[in-house]
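Colleague: for reference, the sequence and a predicted model appear below.
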Amino acid sequence: MKKIAGSLITGYLFRICQYENNSMKTIIRTKIVDVLQCKDYGATVHLKGWVRTRRGNKQVGFIALNDGSTIKNVQIVVNIETFAEKILKAITTGACIGVNGILTESPGQEQNAEIQAKEIHIYGTADPAAYPLQKKGHTLEFLREIAHLRPRTNTFGAIFRIRHHMAIAIHRFFHERGFFYFHTPIITGSDCEGAGQMFQVTTLNLCDPKKDRNGSIDYACDFFGKPTNLTVSGQLEGELAAMALGAIYTFGPTFRAENSYTPRHLAEFWMIEPEVAFNEIEENMQLAEDFIKYCVRWALDNCMDDIEFLNNMFDKELIERLYFVLKQNFIRLTYTEGIQILEDAVAKGHAFEFPVHWGADLAAEHERYLVEDHFKCPVILTDYPKEIKSFYMKQNEDGKTVRAMDVLFPKIGEIIGGSQREEDHDKLLKRAQEMDVPTKDIWWYLDTRRFGTAPHSGFGLGFERLLLFVTGMANIRDVIPFPRTPNNAEF
Ligand code: 4AD
Ligand code: MG
């Protein structure tokens, strides 16, 4: 076997080999990302991918081939005379082909290398009359309706490659800092956020569920012998782990049945939740800031081709904004100070849709005013009124506020929500009771405060909100492969 070209670009050696008998079948496929960097002109390469476009004349054809390994296409040059009519006809946008050819230096400005096709194999045709992704641009709304095909577009290829890289960055960040990845359950009998937005999980016959003597549904007959839901957060179980392993993070799907049809909400989204023993709110804020910056830096270092594409297509300030966030120290202020700024804005004539007063929950418009208009910088707001935050947050001495922290970002609003946790058993129990949290369901959570309790803190980063920021996309449905929103569970 003779090795005729090789490269180690994507971290895995993709060999281009040719066996003594010159059999084409024995040439190993090369990814386009590697071929585009290879300068081994004259080498035989074997590529497989999907036709993006085809142009040319009666003598020569040019195929733009993409295999998903990079946003860039490789140009395949086809000498029309040497190929059968049947093959040529099948090379249309969307078709899947394999090409054996010679890597040559390209005379064109667009690319360094191109492939002179010697053999073409058609794996799958795509009838131009039926294939929905034609060369003309499509709206993002239309592409959502064909989510099974949209990964084949430049835009969604870029987004999903970035999504992968962000997941890698997240694991690396925590691993490098000695955090342990801890898996928390998806099906749960408790409600972490207590906001009553859970999807029920049941095997009961919904048409005729068994009733108990009082006429209520008899959950003893249900699969788990009690009512269960899809989790809204892994935090409560994450806290248990932090009390043993010291520093953990979760990274998994979470579910919220909130009926908010906004560009920032999904019914199924992914959340990253670190939880750290002995961290107080200041350290929690620093961890959140370091974490986001690490992810943004990773994107700039590893996904520039894709980010540049999105910058040019959708958001001309994207790259600038990413570098900007890296340079800034996030502004830290209390909710009370934030409300003061918003009230001053109203006094000066700024109109908000939702009312601003101490005690009110902040809407995205308020968060974005603070970040985009007032500070022009990411903001961490702390010490919110206890009435608008969850039962588990550490209570401040003023009796009115809790040690909550929300990280607010340009274009997004809230990207992270977290807090120092109440570590005092009696205070925690009292607050849970005041907020009507069914304490019998969380006896195990309360137990951690009975046995070796410790100060601790954590937060949750919405993965898709991070992706909105890093990709510059405006709608959260466009940064997850198959979005789940009210009335939408197709694909
Ligand atoms: O602020 P949230 O509700 O906090 C928690 O769930 C805590 N238990 C986290 C913790 O302290 N461990 O949600 C955290 C983040 C939000 O800041 C937001 O980025 C994202 O999760 N998020 C959503 N993302 C998409 N769609 C939704 N419906 C979301 N709800 C929250
Ligand atoms: Mg929140």
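Modeller: Great, that's in hand. Residues are numbered from 1 along each chain as shown. Ligands and ions are numbered 1, 2, ... in the order given.
Colleague: switch to C-alpha atoms for all contacts and neighbour counts from now on
Modeller: Noted.
Colleague: show me which positions of stretch 135-142 end up buried.
Modeller: Of all the residues in stretch 135-142, not one is buried under the rule 16 or more other CA atoms under 10 Å.
Colleague: secondary structure class for residue 290?
Modeller: Under DSSP: H, G, I helix; E, B strand; the rest coil, the three-state class of residue 290 is helix.
Colleague: distance of it relative to residue 327?
Modeller: Separation of residue 290 from residue 327 (CA to CA, to the nearest Å) stands at 12 Å.
Colleague: check residue 113 too.
Modeller: On the measure of CA to CA, residue 113 and residue 327 end up 37 Å apart.
Colleague: look at these two and report which has more neighbours.
Modeller: Taking neighbours as other CA atoms under 10 Å, residue 113 and residue 327 compare with residue 113 leading, 23 against 11.
Colleague: what's that one sitting at in phi/psi?
Modeller: Dihedral pair for residue 113: phi -120, psi 150, per degrees, to the nearest 10.
Colleague: which residues does it form beta bridges with?
Modeller: Taking DSSP bridges as the rule, residue 113 bridges to residue 105.
Colleague: once you drop chain neighbours, what's closest to residue 253?
Modeller: Leaving out its chain neighbours, the residue that sits closest to residue 253 by CA to CA, 6 or more residues apart in numbering is residue 270, at 4.2 Å.
Colleague: so the one you found makes contact with residue 465?
Modeller: No. Here residue 270 does not reach residue 465: they are 9.5 Å apart, not a contact under CA atoms under 8 Å.
Colleague: who has more neighbours, these two?
Modeller: Ranked by neighbour count (other CA under 10 Å), residue 270 and residue 465 place residue 465 first, with 26 against 20.
Colleague: so who does that one touch?
Modeller: 264, 412, 415, 476 (CA atoms under 8 Å, 6 or more residues apart in numbering).
Colleague: ok, the residues you listed vs ligand 1, which is closest?
Modeller: For those, the minimum distance to ligand 1 (CA to the nearest ligand atom) is 3.9 Å, reached by residue 415.
Colleague: quick check: which element contains the residue in the stretch 1-150 of the chain that ligand 1 sits nearest to?
Modeller: When scored by CA to the nearest ligand atom, the stretch 1-150 of the chain has residue 144 as its residue closest to ligand 1, at 17.1 Å. Secondary structure assignment for residue 144, by DSSP states H and E: helix 140-145.
Colleague: which residues touch the helix or strand harbouring residue 299?
Modeller: In the assignment (DSSP H and E), residue 299 maps to helix 281-302. Around helix 281-302, the neighbours that count as contacts under CA under 8 Å, 6+ apart are 162, 165-166, 169-170, 173, 307, 322, 325-326, 330, 380, 403-405, 407, 416, 419-420, 457-459, 470.
Colleague: tell me the helix or strand right after it.
Modeller: Once the chain leaves helix 281-302, the next helix or strand it forms, by DSSP H and E, is helix 304-313.
Colleague: rewinding a little: farthest pair within the contacts of residue 465?
Modeller: 415 and 476 (12.2 Å; CA to CA).
Colleague: chain center to stretch 84-98: distance?
Modeller: The chain centroid and the centroid of stretch 84-98 are separated by 35 Å under CA atoms, centre = their mean, to the nearest Å.
Colleague: same check, this time on stretch 409-418
Modeller: From the chain centre to the centre of stretch 409-418 is a distance of 14 Å (CA atoms, centre = their mean).
Colleague: what of stretch 262-269?
Modeller: Mean-position distance between stretch 262-269 and its chain equals 11 Å (CA atoms, centre = their mean).
Colleague: what's in contact with that stretch?
Modeller: 253-258, 412, 462-465, 474-477, 483-486.
Colleague: just the buried residues of it, please?
Modeller: In stretch 262-269, counting by 16+ other CA under 10 Å, buried: 264, 265, 266, 267, 268, 269.
Colleague: stretch 160-171 too?
Modeller: By neighbour count on 16+ other CA under 10 Å, the buried set for stretch 160-171 is 160, 161, 162, 163, 165, 166, 169, 170, 171.
Colleague: ok, now stretch 144-156?
Modeller: Residues of stretch 144-156 classed as buried: 144, 147, 150, 151, 152, 153, 154, 155, 156 (neighbour count, 16+ other CA under 10 Å).
Colleague: and the contacts of stretch 154-169?
Modeller: Contact partners of stretch 154-169, identified using CA under 8 Å, 6+ apart, comprise 68, 71, 150-151, 294-295, 298-299, 302-303, 306-307, 309-310, 467, 471, 478-481.
Colleague: CA-only coordinates of it in PDB, if you can.
Modeller: This file holds the C-alpha atoms of stretch 154-169, laid out as PDB (Å, rounded to 0.1, in the frame of the first residue of the first chain):
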ATOM      1  CA  ASN A 154     -24.400  26.900   5.200                       C
ATOM      2  CA  THR A 155     -26.200  28.700   8.000                       C
ATOM      3  CA  PHE A 156     -27.200  25.600   9.900                       C
ATOM      4  CA  GLY A 157     -24.000  23.700   9.200                       C
ATOM      5  CA  ALA A 158     -22.200  26.600  10.800                       C
ATOM      6  CA  ILE A 159     -24.500  26.800  13.800                       C
ATOM      7  CA  PHE A 160     -24.400  23.100  14.500                       C
ATOM      8  CA  ARG A 161     -20.600  22.900  14.300                       C
ATOM      9  CA  ILE A 162     -20.400  25.900  16.700                       C
ATOM     10  CA  ARG A 163     -22.900  24.100  19.000                       C
ATOM     11  CA  HIS A 164     -20.600  21.100  19.100                       C
ATOM     12  CA  HIS A 165     -17.600  23.200  19.800                       C
ATOM     13  CA  MET A 166     -19.400  25.000  22.700                       C
ATOM     14  CA  ALA A 167     -20.300  21.700  24.300                       C
ATOM     15  CA  ILE A 168     -16.600  20.700  24.100                       C
ATOM     16  CA  ALA A 169     -15.600  24.100  25.600                       C
END
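Colleague: mind starting the numbering at 633 from now?
Modeller: Happy to do that; since the first residue is 633 now, the last one works out to stretch 786-801.
Colleague: what mean pLDDT does that stretch have?
Modeller: Stretch 786-801 shows a mean pLDDT of 98 in the predicted model.
Colleague: do stretch 766-774 as well
Modeller: For stretch 766-774, mean pLDDT rounds to 88.
Colleague: check stretch 869-885 too.
Modeller: 98.
Colleague: endpoints of it, how far apart?
Modeller: OK, stretch 869-885 end separation, CA to CA: 14 Å.
Colleague: give me the nearest residue to the closest residue to ligand 1 within the stretch 733-882 of the chain, chain neighbours excluded.
Modeller: Going by CA to the nearest ligand atom, ligand 1 is nearest to residue 867 of the stretch 733-882 of the chain, at 4.5 Å. Spatially, and ignoring its direct neighbours in sequence, residue 867 is nearest to residue 905 (6.6 Å; CA to CA, 6+ apart).
Colleague: how about residue 829?
Modeller: Excluding its sequence neighbours, the residue lying closest to residue 829 (CA to CA, 6+ apart) is residue 889, at 4.7 Å.
Colleague: may I have stretch 969-983 as CSV, with CA atoms only?
Modeller: Taking Å, rounded to 0.1, in the frame of the first residue of the first chain, the C-alpha atoms of stretch 969-983 are listed here in CSV:
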residue,chain,number,x,y,z
GLU,A,969,-29.7,49.7,42.1
GLY,A,970,-30.9,48.4,38.8
ILE,A,971,-34.5,49.4,39.6
GLN,A,972,-33.3,52.9,40.4
ILE,A,973,-31.6,53.2,37.0
LEU,A,974,-34.7,52.0,35.3
GLU,A,975,-36.9,54.3,37.3
ASP,A,976,-34.6,57.2,36.4
ALA,A,977,-35.0,56.2,32.7
VAL,A,978,-38.7,56.2,33.0
ALA,A,979,-38.6,59.7,34.7
LYS,A,980,-36.5,60.9,31.7
GLY,A,981,-39.2,59.7,29.3
HIS,A,982,-38.1,56.2,28.4
ALA,A,983,-41.2,54.0,27.8
